[in-house]
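Student: fold the stuff below for me.
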Amino acid sequence: MIDSGVLAQLRLTNGEPVRFRKLDGGRWLPGKMSGVAADGSITIHDVNGAARSLRPERVEVRRPGNRGRLTWQRVSDVAITWEQLALWGDAPASKATRKRT
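Tutor: Purely as a prediction, here's the structure:
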């Protein structure tokens, strides 16, 4: 079963343009994001409408790079970055603001 709620957690959207490779070293093919399967594979639809489930390392999405320009980035890299940023929200307060007991 495909969980589209996971897409939102990873800052991906259903229908978002992606590119993918069928094989290592193959050419990039266009597609659209569909969801994330229970096994962690990314489900996409190619230009003919056929569904494919691929490892996140084989799928790229467009995201702003270091200078703000849109670049193709692997879904696995985008997901790791987002998860790490979410962890910072629960960081403990600095020592200067803690009360002494």
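
Student: could you measure from Thr43 over to Arg69?
Tutor: 28 Å (CB to CB, to the nearest Å). For the C-beta atoms, the positions are set from N, CA and C on the backbone; glycine is no exception.

Student: neighbour count winner among those two?
Tutor: Thr43 (20 against 8; other CB atoms under 10 Å).

Student: point out where the chain drops to low pLDDT.
Tutor: 1-6, 8-9, 79-101 (pLDDT under 70).

Student: may I have the strand ranked longest in it as PDB, with CA atoms only?
Tutor: Longest strand in the chain by number of residues (criterion: DSSP state E): strand 29-37. C-alpha atoms of strand 29-37 as PDB (Å, rounded to 0.1, in the frame of the first residue of the first chain):
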ATOM      1  CA  LEU A  29      13.700   9.600 -17.700                       C
ATOM      2  CA  PRO A  30      10.900  12.100 -16.600                       C
ATOM      3  CA  GLY A  31       8.100  11.100 -14.300                       C
ATOM      4  CA  LYS A  32       5.700  12.200 -11.600                       C
ATOM      5  CA  MET A  33       5.800  11.400  -7.900                       C
ATOM      6  CA  SER A  34       3.000   9.200  -6.600                       C
ATOM      7  CA  GLY A  35       3.900   8.000  -3.100                       C
ATOM      8  CA  VAL A  36       6.100   5.900  -0.800                       C
ATOM      9  CA  ALA A  37       5.400   2.200  -0.400                       C
END
